[in-house]
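J.: 3D model of this:
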Amino acid sequence: MRAFLASSIGVATAAALALPLALSSTALAHPAAAASAAPSAPAGSTQSLPLVPVGPAADRTPGVPGMSTSPRLPETQGLSAREVKTFSLVGVVWDDASTQLDGRVQVRTRSVATSAWSEWQDVDTHNSEHAADPGTAERGTGRVRGSTAPLWVGQSDGIEVRVQAEPGGRVVSSGLPTGMRIELVDPGDTTRPPSDAKNGTAEAPPVLDDDDKGELALLPGMTMEMAESSSANVPMAPLGAKEIPALNKADSTADAVLADEALAAAPYIGPRPKIVTRLGWGADESLREKGFVYTNTVKAAFVHHTASGNNYACKDAPAVLRSLYRYHVVSSGWRDIGYNFAVDKCGTLYEGRAGGVAKAVLGAHTMGFNTDSMGVAVIGTFASTAPPKAAVDAVARLTAWKLGLFGADPRAKTTLKSGGGNLYAKGSNVKLNVISGHRDGFATECPGRHLYSQLPPTRTASAKLQGRPPL
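T.: Take a look at the predicted model:
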């Protein structure tokens, strides 16, 4: 099927209420596809528990790294060890997204499988750089909160939390942001019935029957939000598809040129890789805001790590993604998951923010440089651990295809206008690598020094997949 590509569509929001009329017979799933893709929303949930003062420093438990019993230490907030409903991912949020958490966040969790408590684990506190640009509609909804990075801990039913302000931190008064809460995210199980957005209460989704003209045929159990998201990838895959199949270089190039004749002069486009769709990893489409927001083009790809830890199996990657998505939307107040794509440690590629994998979807991944770019996150933490080769290779495959659709050379430089951040003033024109690390646009450790060191060979590999001659 010919890919419908949007290489210059401008900033616009799709009208979700008009979707039923827009789903013509060309967007409908083949009956066989409908039988195999019967969608169901996972029954995920989020527990949000307020943190409380732990008490005088001298009362703090000794033996916890960084938690001395000295009475001179700054205030600590947290939660004592307690039993809770099952969760798999944790993070801390607070009221004001513009306030930094200058301190240390640690958690202990109790495993469902073994009933054993973990050691204290650090949670990355620097997460504000993964966000929408300042002054944008997504940033100004009033729902956006400050947040730490999320941490994947696996199925757990107990939690203990300590948050200690850094001596001499920038935040005055108590030394910690106001309104801190621990978020305990259950990704849900795709074998369970559909749920509502916040608390996992089961409900029956609407089913729309095919009318006489065949214009409104939706899969059994498919909500309008699911159809909206899935239809953005038609005709690369049928409505209700759980993956977009790989395509060889010749067919990928032919499809791209058909959609944009300007590419015919120099069609350097890599083969389209297989991509697991949002339906494939079980995204609860009722969580995100309706419609999609697009930018003009894709001039650069920013590579990230999720900083959520490496303690997951590849089979768990869809659950990790559902947790990240829920944490971004429900806990942090974003319109959708921030990244445009994700990659697991086995090299499987996943669709991120909704709107179509071949389109210029505006993400919330690199504050200041979300416009005219895409963000791809490797699931894991790579500050002190090397990324798996399969994941690095997947980044090269994805960028060879996606950047090629917009005529970008992975080895080149490009100029982006800063939307504001801690490295470049708003409105300044900044020359960056077409494949950049998050730290190139914002002062951050992301994507971790070991993943960042893999970007030069990734640029070369991506260009080779596009068929570009050696430099």
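J.: where do the helices of this protein begin and end?
T.: 19-22, 31-36, 224-231, 249-259, 278-281, 317-326, 389-405, 449-452, 455-466 (DSSP state H).
J.: please read off the pLDDT at residue 133 from the model.
T.: We note a pLDDT of 82 for residue 133 in this prediction.
J.: now do the contacts for it.
T.: 139, 367, 368, 369, 370, 371, 419, 420 (Cβ atoms under 8 Å, 6 or more residues apart in numbering). (Glycine included, C-beta is placed from N, CA and C.)
J.: next, count neighbours for the closest residue to it other than its chain neighbours.
T.: Of all residues not flanking residue 133 in the chain, residue 419 sits nearest, at 3.4 Å (Cβ to Cβ, 6 or more residues apart in numbering). For residue 419, the tally of surrounding residues (other Cβ atoms under 10 Å) stands at 21.
J.: low-confidence stretches in the stretch 1-150 of the chain?
T.: Applying pLDDT under 70 to the stretch 1-150 of the chain picks out residues 1-43, 55-73, 127-128.
J.: what ranges does it have for its strands?
T.: 45-50, 52-53, 76-94, 103-111, 121-123, 146-147 (DSSP state E, counting those that start in this stretch).
J.: for residue 408, see how far away residue 299 is.
T.: Plainly put, residue 299 is 6 Å away from residue 408 if you go by Cβ to Cβ, to the nearest Å.
J.: common neighbours of those two, please.
T.: Residues touching both residue 299 and residue 408 by Cβ under 8 Å, 6+ apart: 414, 434.
J.: for residue 460, what are its contacts?
T.: Counting by Cβ under 8 Å, 6+ apart, residue 460 touches 410, 411.
J.: separation between it and residue 181?
T.: Distance from residue 460 to residue 181, by Cβ to Cβ: 45 Å.
J.: circling back to that earlier point, want to throw the contacts of residue 133 into TSV with distance to residue 126?
T.: Formatted as TSV, the contacts of residue 133 follow (distance: Cβ to Cβ, whole Å):
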residue	distance to residue 126
139	18
367	12
368	15
369	17
370	18
371	22
419	19
420	17
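J.: and the furthest pair within the residues you listed?
T.: Comparing every pair within the contacts of residue 133 by Cβ to Cβ identifies 139 and 369 as the most remote, at 14.0 Å.
J.: so which of those two has more stuff around it?
T.: Taking neighbours as other Cβ under 10 Å, residue 139 and residue 369 compare with residue 369 leading, 28 against 20.
J.: contacts only, for the closest residue to the more buried one other than its chain neighbours.
T.: Distance criterion Cβ to Cβ, 6+ apart; nearest residue to residue 369, sequence neighbours excluded, is residue 441 at 4.3 Å. If you count contacts by Cβ under 8 Å, 6+ apart, residue 441 has them with 302, 366, 368, 369, 416, 418, 421, 423, 424, 430, 432.
J.: roughly how far does the fourth one sit from residue 413?
T.: Here residue 369 is placed at a distance of 14 Å from residue 413 (Cβ to Cβ).
J.: what do the two both touch?
T.: In contact with both residue 369 and residue 413: residue 432, using Cβ under 8 Å, 6+ apart.
J.: my read: the residue nearest to residue 133 touches residue 134, true?
T.: Yes: with contact defined as Cβ atoms under 8 Å, residue 419 counts as touching residue 134 (6.3 Å).
J.: what do these two both touch?
T.: 367, 368, 426.
J.: residue contacts, the closest residue to residue 292 other than its chain neighbours?
T.: In this structure, residue 292 finds its nearest non-sequential neighbour in residue 355, 3.5 Å apart by Cβ to Cβ, 6+ apart. Residue 355 makes contacts with 14, 232, 292, 293, 294, 361, as judged by Cβ under 8 Å, 6+ apart.
J.: could you do residue 187 as well?
T.: 42, 44, 88, 89, 282, 319, 320, 322, 323, 326.
J.: neighbours of the third one, how many?
T.: Other residues within reach of residue 88 by the criterion other Cβ under 10 Å amount to 23.
J.: my guess is it meets residue 185, correct?
T.: Yes: contact between residue 88 and residue 185 holds when scored by Cβ under 8 Å: they sit 6.7 Å apart.
J.: what sits in contact with each of these two?
T.: Contacts common to residue 88 and residue 185, judged by Cβ under 8 Å, 6+ apart, are residue 323.
J.: which of the contacts of residue 441 sits closest to residue 123?
T.: residue 366 (21.1 Å).
J.: enumerate every residue touching residue 415.
T.: Residue 415 touches 299, 429, 430, 431, 432, counting by Cβ under 8 Å, 6+ apart.
J.: was I right about the third one contacting residue 420?
T.: No: judged on Cβ under 8 Å, residue 430 makes no contact with residue 420 at a distance of 11.7 Å.
J.: distance to residue 455 for the strands of the stretch 1-150 of the chain - can I get that in TSV?
T.: Shown next, in TSV, are the strands of the stretch 1-150 of the chain (distance: least, Cβ to Cβ, whole Å):
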stretch	distance to residue 455
strand 45-50	34
strand 52-53	43
strand 76-94	27
strand 103-111	29
strand 121-123	26
strand 146-147	26
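J.: mind checking which of the ones you listed is nearest residue 454?
T.: strand 121-123 (23.9 Å).
J.: for that closest one, which positions count as buried?
T.: Within strand 121-123, the residues that qualify as buried by neighbour count (16 or more other Cβ atoms under 10 Å) are residue 123.
J.: for it, packing partners?
T.: For strand 121-123, the packing partners by 3 or more Cβ pairs under 8 Å, 6 or more residues apart in numbering; DSSP states H and E come out as strand 76-94, strand 103-111, strand 151-165.
J.: looking at the ones you listed, which is nearest to residue 381?
T.: Using Cβ to Cβ, the nearest of the helices and strands packed on strand 121-123 to residue 381 is strand 151-165, at 9.0 Å.
J.: that closest one: which residues count as buried?
T.: Buried, per 16+ other Cβ under 10 Å, within strand 151-165: 151-154, 156-165.
J.: tell me the one among those residues nearest to residue 310.
T.: Using Cβ to Cβ, the buried residues of strand 151-165 come closest to residue 310 at residue 152, 8.7 Å.
J.: next, name the residue at the spatial heart of this protein.
T.: Centrality entry for the chain: nearest residue to the mean C-alpha point is residue 339, 3.7 Å, by Cα atoms, centre = their mean.
J.: show me what contacts residue 452?
T.: 303, 382, 437, 439.
J.: please repeat the previous calculation with a cut-off of 7 Å.
T.: Counting by Cβ atoms under 7 Å, 6 or more residues apart in numbering, residue 452 touches 437, 439.
J.: look up how far residue 435 lies from it.
T.: 11 Å.
J.: what do you get for residue 405?
T.: Applying Cβ to Cβ to residue 405 and residue 435 gives a distance of 15 Å.
J.: now residue 143
T.: Following Cβ to Cβ, the distance that separates residue 143 from residue 435 is 32 Å.
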